[in-house]
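Student: model this:
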Amino acid sequence: MAGVESARTDLMSRAQAGDGEAFRALTEPHRRELQVHCYRMLGSFQDAEDALQDTMLAAWRGLERFDGRASLRTWLYRIATNQCLDALRSARRRPAQQWDIPGIEPPEPTGLGEIHWLEPYPDALLDGAISVPLGPEARYEQTESISLAFVTALQILPPRQLAVLVLRDVLGFPASEVADMLGSTVESVNSALKRARAGVERRQLPGADLEPPPVADSRSEDEIVERFVSAWESADLDALVALLTDDVFMSMPPMPFEYEGPEAVARFCASIFGSGRRFDLVPTRANGQPAFGTYLRSPDGISHGVGLFVLALTGDRICAMTRFENSVLPWFGLPRSLPSR
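Tutor: Next comes the predicted model:
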């Protein structure tokens, strides 16, 4: 143990003297969890990447002021949190987009969403990022706290409440450390946490009061996924509706269109399947949930990527479907098109 501490002290001394390799060795073990932290706060994969880069730059520039009173991990979380708060307060949000699917007239939506900047997070980047040790006061399972429903609910909160909720209830940092990170008091942190919890509870999360989803990659999940793929690729609306809960919810950021209930979702899917449009689905995972690259078949046999679907499951049903644009496909290692079969 003494040898480990000695090596870490040596790395810190070298990093504070300007050794970039030593700095990377110190910070790399925390990089993925910090990126997930930024994603929870910002709801956008691209914005989280930008915030992470800004965090590392600020840490490098400020490393000589690190005095060791808090752990390096806590110090990095302080920087990352304040970078995200700056981004949130600057309101540099991408605007909602108009309907942009050519040749399709969508049915009237049941609502218009306000969190149109939401983006999916690839599960491949979660390895080692949501298995980190949590403080004893953490209230959420790590897989739950990365789900699209939870990340969406967070975006409703004012920035400071959002930061306090994530640091206290998701990561389990003590109130005193959170107060230090935010330059605040324990009383202020506790007050913000109380308001944040109430705000999240008021938000009706899809599937929040339903059965838990099946275990990831279990036979139960595989069966639902197989039925969904079969229904979607064959444009079988009846089979698709049979998989949906009575309060199923569909959204499609950055477009604000939302559809709630199996009839509304079926009308939307019917418009997508219209004129003989058929699709191929390629499985992946996003936010701890089943996801699919969606490819439109063309007359020449090539299937062109048109988006990404992420499913939220409850029991043996689908309680939410979120469609994202095809620009996210490369984040998941998915191609822009599929060769003819």
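
Student: what does stretch 323-334 rub up against?
Tutor: Contacts with stretch 323-334, where a contact means Cβ atoms under 8 Å, 6 or more residues apart in numbering, come from 45, 119-120, 122, 124, 250-254, 282, 284, 286, 291, 293-294, 305-310, 335-336. Placement of C-beta: from N, CA and C, glycine included.

Student: before we move on, what about stretch 191-205?
Tutor: Applying Cβ under 8 Å, 6+ apart, the set of residues contacting stretch 191-205 is 149-150, 152-154, 156-157, 160-162, 164-165, 168-169, 175.

Student: distance between it and the chain's centre?
Tutor: 19 Å (Cα atoms, centre = their mean, to the nearest Å).

Student: re earlier: just the buried residues from the contacts of stretch 323-334, in ChimeraX please.
Tutor: Applying 16 or more other Cβ atoms under 10 Å to these leaves a buried subset, and the ChimeraX line that selects it is:
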select :45,119,120,122,250,251,252,253,254,282,284,286,291,293,294,305,306,307,308,309,310
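
Student: in helices, which of the contacts of stretch 323-334 appear?
Tutor: Among the contacts of stretch 323-334, the members falling in helices are Phe45 (criterion: DSSP state H).

Student: are any of the contacts of stretch 191-205 buried, and which?
Tutor: A residue is treated as buried here by neighbour count (16+ other Cβ under 10 Å); on that basis the buried members of the contacts of stretch 191-205 are 149-150, 152-154, 157, 160-162, 164-165, 168-169, 175.

Student: out of these, which one sits closest to Ile101?
Tutor: Thr152 (22.2 Å; Cβ to Cβ).

Student: which of the helices or strands spans that closest one?
Tutor: Thr152 is part of helix 148-155 when elements are defined by DSSP states H and E.

Student: now that helix - C-alpha only, CSV.
Tutor: Extracted as CSV, the C-alpha positions of helix 148-155 are listed here (Å, rounded to 0.1, in the frame of the first residue of the first chain):
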residue,chain,number,x,y,z
LEU,A,148,-33.2,8.0,-21.0
ALA,A,149,-36.2,8.5,-18.7
PHE,A,150,-34.0,9.6,-15.7
VAL,A,151,-31.7,11.8,-17.8
THR,A,152,-34.8,13.5,-19.3
ALA,A,153,-36.2,14.1,-15.9
LEU,A,154,-32.9,15.7,-14.7
GLN,A,155,-33.1,18.2,-17.6
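
Student: now do the contacts for the closest residue to Arg32 other than its chain neighbours.
Tutor: The shortest distance from Arg32 to any non-neighbouring residue, by Cβ to Cβ, 6 or more residues apart in numbering, is to Ala129 (3.8 Å). The neighbourhood of Ala129, defined by Cβ under 8 Å, 6+ apart, consists of Arg32, Glu33, Gln35, Val36.
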